[in-house]
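Student: output the structure for:
(one chain, ligands or ions: 2)
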Amino acid sequence: MLRFCSFSSGSSGNCYLIRTDRTALLVDAGIPLKRIREGLAATGTAEESVAAVLITHEHSDHIRSVGALAGPRGLKRPDAGEGGEPEPLPVYANEETWEAIEHLPPFAGSRIPGRRTCRFSEPFAVGDITVEPFHLSHDAVAAMGYSFVSGGSRVTVVTDTGVITDEIREKARQADLLVLEANHDVGMLRIGSYPWFLKQRILGCYGHLSNDTAAELVCELLREGTAPKTVALAHLSKQNNFPEMAWQTLANAVEEAGFRIGRDLEVKILVRDTISEVFCV
Ligand SMILES: [Zn+2]
Ligand SMILES: [Zn+2]
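Tutor: Residues are numbered from 1 along each chain as shown. Ligands and ions are numbered 1, 2, ... in the order given. The predicted structure is shown next:
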């Protein structure tokens, strides 16, 4: 069984917890360390049980606290025994993302002690969780999505992508819980106050998924009979979306396609700055 909890989701900071009874992982560290600690405490997760952090890409809403988290005042590490130094917290990202992170001002010239490299389409195990990295389409050097598998359950996290590729579709198809970006309502974004270049960026192939695109994917999976049991809408924009709007857009599309929320799938919203419920799949 896998458990999932969002400590925060959206452009002001992202951090998710994925765990089994034995292994806990964090996806991204885009919120203050204090809030990560609060999330761990709220979910009854001991700091020293966090076995790794997985970074999706170098945007600050995903990496803000990665240095603090992995540093000497960061998360407690399991005792090494016999007076040995505890191992630094493993932090995974692909090589391109590491290079980008290490060129950013707060990190320039320094290396995260537990720096580990992972590669696209090369699954790896952390404890009893298999991590499957895949490509996202985003304006970062090499944005990486992750799917997590343990004991026959799968959680797939898809945020920060401008389009749904076949590879993303495949990971979504097999999921019990799909954490899916519903960043903006296209109408709200178009008439909103964002500058033109930013609107173009968000709407582009390397931007963010709209409520409509998220709904389209879910309907496609429902028609195929491969829909996840639960969809958690994530990375909602503060300016260009409302939780009710994201939910209703999906509900309308699902109903129009002849399906029903509650009967054919569950839909939840990850509220931006709030620790979510714990999803068990
Ligand atoms: Zn983001
Ligand atoms: Zn991003």
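
Student: C-alpha only now, for contacts and for neighbours.
Tutor: Fine.

Student: can you give me the strands in this protein?
Tutor: 3-8, 15-19, 24-27, 50-54, 91-93, 115-117, 124-126, 129-135, 144-150, 153-158, 177-181, 230-234, 266-269, 279-280 (DSSP state E).

Student: contacting residues for Thr43?
Tutor: Cys5, Val278 (Cα atoms under 8 Å, 6 or more residues apart in numbering).

Student: from Ala257, how far off is it?
Tutor: 36 Å (Cα to Cα, to the nearest Å).

Student: before we move on, back to that, would you mind giving the strands of the chain as a markdown table with mean neighbour count and distance to Phe107 added?
Tutor: Below are these laid out as a markdown table (neighbours: other Cα atoms under 10 Å; distance: least, Cα to Cα, whole Å):
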| stretch | mean neighbour count | distance to Phe107 |
| --- | --- | --- |
| strand 3-8 | 24 | 23 |
| strand 15-19 | 23 | 19 |
| strand 24-27 | 24 | 19 |
| strand 50-54 | 23 | 17 |
| strand 91-93 | 24 | 14 |
| strand 115-117 | 16 | 13 |
| strand 124-126 | 13 | 26 |
| strand 129-135 | 21 | 24 |
| strand 144-150 | 23 | 20 |
| strand 153-158 | 24 | 26 |
| strand 177-181 | 27 | 28 |
| strand 230-234 | 24 | 28 |
| strand 266-269 | 18 | 33 |
| strand 279-280 | 16 | 34 |
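
Student: these: which one's closest to Asn211?
Tutor: strand 177-181 (7.9 Å; Cα to Cα).

Student: sheet partners, orientation included, of the closest one?
Tutor: Counting by DSSP bridges, the strands paired with strand 177-181 are strand 153-158 (parallel), strand 230-234 (parallel).

Student: low-confidence ranges, the stretch 101-250 of the chain, go.
Tutor: Counting by pLDDT under 70, the stretch 101-250 of the chain contains no low-confidence residues.

Student: change it to 90
Tutor: Segments of the stretch 101-250 of the chain classed as low confidence (criterion: pLDDT under 90) are 104-113, 121, 174.

Student: rewinding a little: figure out which of the strands paired with strand 177-181 is closest to Cys205.
Tutor: Comparing the strands paired with strand 177-181 by Cα to Cα, strand 153-158 comes nearest, at 14.5 Å.

Student: can you give me the offset of the closest one from its chain's centre?
Tutor: 9 Å (Cα atoms, centre = their mean, to the nearest Å).

Student: got the angle for it vs strand 129-135?
Tutor: 30 degrees (axes from the mean of the first three to the mean of the last three Cα atoms, to 10 degrees).

Student: hmm, back to that, what would the strands of the chain look like in TSV with distance to Ile191?
Tutor: Formatted as TSV, the strands of the chain follow (distance: least, Cα to Cα, whole Å):
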stretch	distance to Ile191
strand 3-8	27
strand 15-19	30
strand 24-27	33
strand 50-54	36
strand 91-93	36
strand 115-117	41
strand 124-126	44
strand 129-135	31
strand 144-150	30
strand 153-158	26
strand 177-181	21
strand 230-234	22
strand 266-269	24
strand 279-280	35
